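K.L.:
What follows is a predicted protein model with its sequence.
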Amino acid sequence: MHDCHREIARWLKAAGAEVTVDAAGNLRGFYGAAESSRPRLLLGSHLDTVPNAGAFDGVLGVVIAVALLEALEGRQLPFAIEVVGFSEEEGVRFGTPFIGSCALVGRLDSDLLNREDGNGISVKNAIEHFGLNLEDIPRAALSKGTLAYLEFHIEQGPVLESLGRSLGAVEAIAAQSRMSFEFLGRANHAGTTPMHLRHDAIAAAAEWILAVERTAENHPGLVATVGQIEAKPGATNVIAAEARVSLDVRHKSDDILKRAAETLVRLAREIAARRGLTLRQSVLLSQHAVAMDPFLIDQIQEAIRSTGCQPHRMTSGAGHDAMILAEKVPAAMIFLRSPGGISHDPAESVEPGDVAKALECGLHLLDQLANSSELQKRMCRA
Ligand code: GLV
Ligand code: MN
Ligand code: MN
């Protein structure tokens, strides 16, 4: 990440921005307005990624933001622009996402700071190892005069491609819950223990995983994923004593998600009890659905039309820093078509022509916002 920051900082500085890294490890590039002390527009996305990832999830949005500054060629707007390359959006290392963006909304609290990775290193330790100062976290918070947050991102799904559209305007981001389940049974000899006398943690987890899949299939719009499984002691000839599995469950309706999550927890308890196991369960993330800002959605649609493309309004099934920023400032997102609908995989890609349209859309959007009377009003309030 240091190398990544160094490289992007070099591009940001060349485009005329002042660059810092805040105490949550977010890269921040500030490009001043025509007049000093004017409010700022945030443009960004995340710089972390998933294991065995593609090359575009997150970082494309940061690179587009840098390219927009470059395209301004030193021209200053009535508002300043701050480019943000967020840290720890995916939640891979600490099991909980949006750590970098939480710092901007003042929610990087002791609960988050004490979360540990698989090696027992806490977020707090990681921040210090990175060379940052925990005491500076409050200074990472959004400055008072922040107008809005805009994020370009690949769609990571098949919708735009199926419609033959290059760009989409996100109107809402689905709610998501992430949990950890531990099925605790009893280890025993694989050769001597009759089937009816076992308390097999892997078998219990497997039964539950299929129940998760069935539950999601039976609820339109619900997606539920067990993406991680870890068993102990982990030997061919030993019945598993423990199976730890993750759950990621999402729906655009908070209520449906809540009820589905309760059902999945109840099913895990029932399966564990019937098999004579105990269950430990913890919630790692409970994020409600978030609507994007209607004024910005309209502006994005207009900017997409100005590129000659037809916009498509859509809900994002993936989570994004925009859903955290939306707690404090108007936020909106522009999606770029994902070839094959593939993401979180090395085959993830994007069409160069769609990136060119996204840049064109971004420039129209900056100009529209610079001339917008609604934004002038917001600037007065900011
Ligand atoms: C972010 O990639 C997510 O899991 O939604
Ligand atoms: Mn991702
Ligand atoms: Mn992403």
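P.N.:
Happy to help now that I have it. Ligands and ions are numbered 1, 2, ... in the order given.

K.L.:
Give me every residue in the stretch 51-200 of the chain lying close to ligand 1.
P.N.:
Residues of the stretch 51-200 of the chain found near ligand 1 (Cβ under 6 Å from any ligand atom) are Glu90. Backbone N, C-alpha and C define where each C-beta goes, glycine included.

K.L.:
where exactly do the helices run in the stretch 51-200 of the chain?
P.N.:
59-72, 99-104, 110-113, 123-129, 159-163 (DSSP state H, counting those that start in this stretch).

K.L.:
Now do the contacts for the residue lying closest to Ser37 once chain neighbours are set aside.
P.N.:
Excluding the flanking residues, the one nearest Ser37 by Cβ to Cβ, 6 or more residues apart in numbering is Gly145, at 7.6 Å. Taking Cβ atoms under 8 Å, 6 or more residues apart in numbering, we find Gly145 in contact with Ser37, Arg38, Pro39, Arg40, Met379, Ala382.

K.L.:
Need the buried ones from those selected in ChimeraX.
P.N.:
Command for ChimeraX that selects the buried part of the contacts of Gly145, burial taken from 16 or more other Cβ atoms under 10 Å:
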select :38,39,40,379,382
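
K.L.:
Closest to Ala356 out of the contacts of Gly145?
P.N.:
Arg40 (26.3 Å; Cβ to Cβ).

K.L.:
For ligand 3, see how far away the residue nearest to Ser37 is.
P.N.:
27 Å (Cβ to the ion, to the nearest Å).

K.L.:
can you redo the helices of the stretch 51-200 of the chain as a markdown table with mean neighbour count?
P.N.:
What follows is the helices of the stretch 51-200 of the chain, written out as a markdown table (neighbours: other Cβ atoms under 10 Å):
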| stretch | mean neighbour count |
| --- | --- |
| helix 59-72 | 21 |
| helix 99-104 | 27 |
| helix 110-113 | 14 |
| helix 123-129 | 17 |
| helix 159-163 | 16 |
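
K.L.:
Which secondary structure state is assigned to Pro220?
P.N.:
Classification of Pro220 by DSSP: H, G, I helix; E, B strand; the rest coil places it in coil.

K.L.:
related to what we said a few turns ago, nearest to Ile271, out of the contacts of Gly145: which one, please.
P.N.:
Looking across the contacts of Gly145 and measuring by Cβ to Cβ, the closest to Ile271 is Arg40, at 51.2 Å.

K.L.:
Lovely, talk soon.
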